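Asker: Need coordinates for the following:
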Amino acid sequence: MSEYIEKIISEVKAKNPSEPEFHQAVEEVLESLEIVLERHPEYRSAKILERMIEPERVITFRVPWVDDQGEVQVNRGYRIEMNSAIGPYKGGLRFHPSVTLGILKFLAFEQVFKNSLTTLPMGGGKGGSDFDPKGKSDNEVMRFCQSFMSELFRHIGPNTDVPAGDIGVGAREIGYLFGQYKRLRNEFTGVLTGKGLNWGGSLIRPEATGFGAVYFAQEMLKTRGTDFEGKTVAVSGFGNVAWGAVMKINELGGKVVTLSGPDGFIYDKDGISGEKIDYMLKLRASAQDIVEPYAKEFKVEFHPGKRPWGVKVDVAMPCATQNELDGNDAKELVKNGCMCVCEGANMPTTIEGYKVFDSSKILYAPGKAANAGGVATSGLEMTQNSMRLPWLRDEVDAKLQQIMKNIHDTCVQTAERFGKPEKYVVGANIAGFLKVADAMLDQGVV
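Answerer: Just a heads-up that it's a prediction; the model follows:
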């Protein structure tokens, strides 16, 4: 690593203490960019890296709301507007007790590169709150969302910042947030994505991240002369991303044998298909955040407190959360002959895990490329809103598949161009960086 890159990473850690996820995201990207800076000194002269890792705007605010017992509760709200060089800020809202400024900055930083790779005109942002919707009544969630939007509305808009959903923010929350925005602004506009189908939403948006990750993995497998037909797949999580991935893997002839939650993972040797996929929706709707009920319902193995990466599979798709796959998990996957790891979640692999994959022959794609299907379809929803026209399901799906193929090809071609064939992480980081960096150069020091 060059002295210049090391200096920037040291400054990031000094300026942003107690934000390890943000440090990790920055370090992983900057390591890939060394060769770019050697070939293009103009980026260094214009301090592009220093500007890119500093959010354009960080908004924090209190969110007071009244629970069903009449007690006042107070949460903290955030919006990180990271980079708008290629379009309005775009990125989800996460409602979860684990939400901190550092986690949202890491997600916003990743979002800049992810959105760039889609080729759609979207900048990067992220936001959310430490509010936990689990166990709350609909009325409590509504009151929280209305209070949250009563502050956020002044910072967002269809041409400024277009939030979407993330963990803890589904169709219910988007509906309450949109209703409050509409009331405050007195306008009906495409300010949020993930909306209901009968008021501006897009078909396949809930499934899109999972669908997109599988389309990306299919392209990866094609580079080895194969596809999902007959492959055994480990999937983590059981939310929207995992649900979409399981559906599309089945459609392409693969067999998913695992799901996971905070309580452990299930192993279903017969494969998760048919009514079992429908049961995933019941699991999520229960708000219990556990997968053990699946094991009881279908009489399959449950492994409490463990992750699914020790199961012998052909393909692994981490679709749950950040840093869920560590160095030991990566070694286990390689040892068991896994040929492809495709990330459906944001940064689910630790740096130690990435190093294991990087030094092996395994195909490994980072979330900023592989899970871009969700934000890509959000971009398609924005287009439909601007046109005042809805597209058919097959039309949206076809556009998504083409976007994911284009992202895959861009990663492969960029990695080869910079002398790192089959290194998807390098290809994704460089390709995502170049588009944003060139836009920043064109627009001057802003």
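Asker: thought residue 157 was touching residue 190?
Answerer: No: counting by CB atoms under 8 Å, residue 157 does not reach residue 190; the two are 9.7 Å apart. Bear in mind the C-beta positions are built from the backbone N, C-alpha and C, glycine included.
Asker: Of those two, which one has the most company?
Answerer: Set residue 157 next to residue 190 and count neighbours by other CB atoms under 10 Å: residue 190 wins out with 19 against 16.
Asker: Nearest residue to that one in space, ignoring adjacent ones along the chain?
Answerer: residue 385 (3.0 Å; CB to CB, 6 or more residues apart in numbering).
Asker: Report the buried residues of stretch 83-103.
Answerer: By neighbour count with 16 or more other CB atoms under 10 Å, stretch 83-103 contains the buried residues 83-96, 99-103.
Asker: whoops, stretch 128-139 was the one
Answerer: Neighbour-count burial for stretch 128-139 flags 128, 129, 130, 131, 133, 136 (criterion: 16+ other CB under 10 Å).
Asker: if we can go back for a sec, in contact with the residue nearest to residue 190, which residues are there?
Answerer: Applying CB atoms under 8 Å, 6 or more residues apart in numbering to residue 385 gives the contacts 158, 189, 190, 200.
Asker: can I get these in CSV with pLDDT and secondary structure?
Answerer: As requested, those are exported to CSV (pLDDT from 0 to 100; DSSP: H, G, I helix; E, B strand; the rest coil):
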residue, pLDDT, secondary structure
158, 96, coil
189, 94, coil
190, 94, coil
200, 95, coil
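Asker: hmm, which of those residues are the buried ones?
Answerer: Among the contacts of residue 385, the ones that count as buried by 16+ other CB under 10 Å are 189, 190, 200.
Asker: and which of those residues is nearest residue 219?
Answerer: Nearest to residue 219, judged by CB to CB, of those is residue 190 at 29.9 Å.
Asker: backbone phi and psi for that closest one, please?
Answerer: phi -80, psi 60 (degrees, to the nearest 10).
Asker: Show the contacting residues for it.
Answerer: Residue 190 is in contact with 158, 162, 200, 381, 382, 385, 386, counting by CB under 8 Å, 6+ apart.
Asker: again, only using 7 Å
Answerer: Contacts for residue 190 were tallied using CB atoms under 7 Å, 6 or more residues apart in numbering; they are 158, 200, 382, 385, 386.
Asker: And it, how far from residue 90?
Answerer: Distance from residue 190 to residue 90, counting by CB to CB, to the nearest Å: 11 Å.
Asker: and what of residue 7?
Answerer: For residue 7 relative to residue 90 (CB to CB), the value is 31 Å.
Asker: which residue packs closest to residue 305, ignoring adjacent ones?
Answerer: Excluding the flanking residues, the one nearest residue 305 by CB to CB, 6+ apart is residue 264, at 5.3 Å.
Asker: where along the stretch 301-446 of the chain do the helices fall?
Answerer: Taking DSSP state H, counting those that start in this stretch as the test, the helices found in the stretch 301-446 of the chain are 327-335, 351-358, 367-370, 373-387, 393-417, 424-443.
Asker: hey, which of the ones you listed is tucked in deepest?
Answerer: Of the helices of the stretch 301-446 of the chain, the one with the most neighbours on average (mean count of other CB atoms under 10 Å) is helix 367-370, at a mean of 28.
Asker: ok, back up a step: got the buried ones among the contacts of residue 385 as CSV, with distance to residue 299 columns?
Answerer: Listed next are the buried ones among the contacts of residue 385 as CSV, based on distance: CB to CB, whole Å:
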residue, distance to residue 299
189, 50
190, 46
200, 43
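Asker: And those, which is closest to residue 420?
Answerer: When these are compared against residue 420 (criterion: CB to CB), the nearest one is residue 190, at 38.3 Å.
Asker: Select the longest strand from the protein.
Answerer: The single longest strand within the chain, with elements called by DSSP state E, is strand 72-83.
Asker: Just give me how far that strand sits from the chain centre.
Answerer: 19 Å (CA atoms, centre = their mean, to the nearest Å).
Asker: Show me what secondary structure element comes after it.
Answerer: Per DSSP states H and E, the first helix or strand lying C-terminal to strand 72-83 is strand 89-95.
Asker: Which elements pack onto that next one?
Answerer: Under the contact definition 3 or more CB pairs under 7 Å, 6 or more residues apart in numbering; DSSP states H and E, strand 89-95 sits against helix 101-118, strand 123-129, strand 161-165.
Asker: Out of these, the one nearest residue 33 is which?
Answerer: Smallest distance to residue 33 across those (CB to CB): 10.7 Å, for helix 101-118.
Asker: Assign a three-state SS to residue 62, would you?
Answerer: Put simply, residue 62 is strand when judged by DSSP: H, G, I helix; E, B strand; the rest coil.
Asker: for it, what are its contacts?
Answerer: The contact partners of residue 62, by CB under 7 Å, 6+ apart, come to 74, 76.
Asker: Tell me where the stretch 101-250 of the chain has helices.
Answerer: Here the stretch 101-250 of the chain has its helices, by DSSP H, counting those that start in this stretch, at 101-118, 138-152, 171-185, 208-222, 240-251.
Asker: of all the ones you listed, which lies closest to residue 366?
Answerer: For the helices of the stretch 101-250 of the chain, proximity to residue 366 was assessed by CB to CB; helix 101-118 is nearest, at 8.7 Å.
Asker: helices or strands up against the closest one?
Answerer: Using 3+ CB pairs under 7 Å, 6+ apart: helix 101-118 touches helix 20-32, strand 72-83, strand 89-95, strand 123-129, helix 367-370, helix 373-387, helix 393-417, helix 424-443.
Asker: Can you give me the neighbour number for residue 5?
Answerer: As a burial measure, residue 5 scores 16 neighbours (other CB under 10 Å).
Asker: Does it touch residue 30 like I think?
Answerer: Yes: applying CB atoms under 7 Å as the test, residue 5 and residue 30 come out as touching, 5.1 Å apart.
Asker: Reduced to three states, what does residue 59 come out as?
Answerer: Relying on three-state DSSP, one would call residue 59 strand.
Asker: nearest residue to it other than its sequence neighbours?
Answerer: Leaving aside its sequence neighbours, residue 59 sits nearest to residue 79 (CB to CB, 6+ apart; 4.4 Å).
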